[in-house]
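Trainee: Next input, structure requested:
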Amino acid sequence: MAARVLLTGASGFIGRHAVGALLERGFEVHAVTSTVPPPGSSTDVQWHRVDLLDAAASRALLAKVGPSHLLHLAWNVEHGVFWASPENERWLEASVALLETFEGERAVAAGTCAEYDWEGDGTLDERTSPLGPATAYGLAKDALRRRGERLASERGSAFAWGRIFFLHGPGEHPQRLVPSVALALLAGEPARCTDGRQIRDFLHSADAARAFVALLDSPVAGAVNVASGTGVAVAELVTWIGELLGRPELIELGALPSRPGDPQRLVGAVERLREEVGFTPAWAPREALAQSVQWWVSREGGRASRPGGA
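Mentor: Okay, the predicted model is just below:
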């Protein structure tokens with residue numbers, strides 16, 4: 001009998017890709033959304049429209065589905081708001097209730113690289129790097145991880161925690177880095193950026209989804225970085241976008257001031273993800289970026305001047 005998984009956030013930025021990845025691994029998928037299933041949803045998936053902030057509805061859902069596995073991706077990540085939003089506390093409370101009610105054998109939940117102390121050398125290792133969240137979002141996620149690990153220890157069940165780094169991909173908010181640059185260039189307008197010296201670990205959202213599913217389908221417990229392991233300067237990333245769209249002259253590095261206190265380097269160590277979970281991204285950083293850029297090209301009805309090229 002196939003393992004039955006309850007996937008929260010199934011219509012979200014990562015969750016929409018996780019649905020197919022779960023089916024490919026033979027899971028019976030019960031997908032949760034607070035809105036409506038996305039267009040073209042697989043008929044092999046059972047969809048449940050539930051507001052997880054409603055504790056009674058969440059309990060009823062778990063009782064109805066009876067999942068053996070839980071992949072919890074749902075959270076409020078409204079662009080420009082979520083770092084300090086009071087919604088983090090509501091989602092922490094709802095997520096703790098979800099984990100406490102879940103009676104299956106294995107749960108995996110989504111964390112963030114913002115749980116780490118960003119004052120170090122910028123290479124963040126889940127086994128050795130100190131934690132020190134400095135935002136409401138990071139604090140809430142860290143609190144959920146600690147509660148999940150305690151529950152698993154008390155019950156003898158399994159719990160793993162995927163720390164997400166910097167994602168891009170189809171459907172992200174148009175004001176985020178990759179789409180904001182791509183959309184400006186597609187409109188023939190300058191893309192005004194900072195100097196872009198900061199180095200970040202970027203991963204395509206589809207690869208992030210596959211990493212979470214691989215983690216769920218493994219015996220690995222504890223925190224695991226969901227990252228590429230490769231640092232790319234923001235300036236290099238936006239330059240790639242200019243080259244992919246054939247408009248490098250419209251990239252204006254240094255046109256905007258850098259944010260005060262912005263860390264110079266944030267890159268995830270990925271030994272646990274690769275060696276213990278057995279996952280590697282499908283695309284190298286530039287290939288992944290080309291996938292994201294092409295989605296925006298298609299959405300805008302345009303055509304990249306050098307699709308996939310350099």
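Trainee: Show residues contacting stretch 171-180.
Mentor: 13, 16, 79-80, 168, 183, 191, 205, 234, 237-238, 241, 289, 292-293, 295-296 (CB atoms under 8 Å, 6 or more residues apart in numbering). Quick note: C-beta positions are derived from backbone N, CA and C, even for glycine.
Trainee: For ChimeraX, what selects the buried ones among those residues?
Mentor: The ChimeraX command for the buried members of the contacts of stretch 171-180 (criterion: 16 or more other CB atoms under 10 Å) is given here:
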select :13,16,168,183,191,205,234,237,238,241,289,292,293,295,296
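Trainee: Among the contacts of stretch 171-180, name the ones in strands.
Mentor: 168, 191 (DSSP state E).
Trainee: Show me what counts as buried in the top helix by length along the chain.
Mentor: Longest helix of the chain, by residue count under DSSP state H: helix 136-155. By 16+ other CB under 10 Å, the buried positions in helix 136-155 come out as 136-145, 147-149, 151-152.
Trainee: Just the closest of those residues to E126, please.
Mentor: R145 (10.6 Å; CB to CB).
Trainee: OK, contacts around that closest one?
Mentor: 109, 111, 115, 161, 223.
Trainee: residue ranges for the strands of the chain, please.
Mentor: Using DSSP E, strands in the chain cover 4-8, 28-33, 46-49, 69-72, 106-112, 123-124, 158-164, 166-168, 191-192, 199-204, 222-226, 231-233, 251-252, 265-268.
Trainee: Now tell me what touches the helix or strand following the last one from outside.
Mentor: Right, the one you point to is strand 265-268. Next helix or strand after strand 265-268 toward the C-terminus (DSSP states H and E): helix 271. With CB under 8 Å, 6+ apart as the test, helix 271 has contacts from D125.
Trainee: before we move on, what about stretch 129-144?
Mentor: 82-86, 88-89, 91-92, 95-96, 99, 109-112, 114-120, 123, 269.
Trainee: can you do 7 Å?
Mentor: With CB atoms under 7 Å, 6 or more residues apart in numbering as the test, stretch 129-144 has contacts from 82-85, 88-89, 91-92, 95-96, 109, 111-112, 114-117, 120.
Trainee: Thank you, goodbye.
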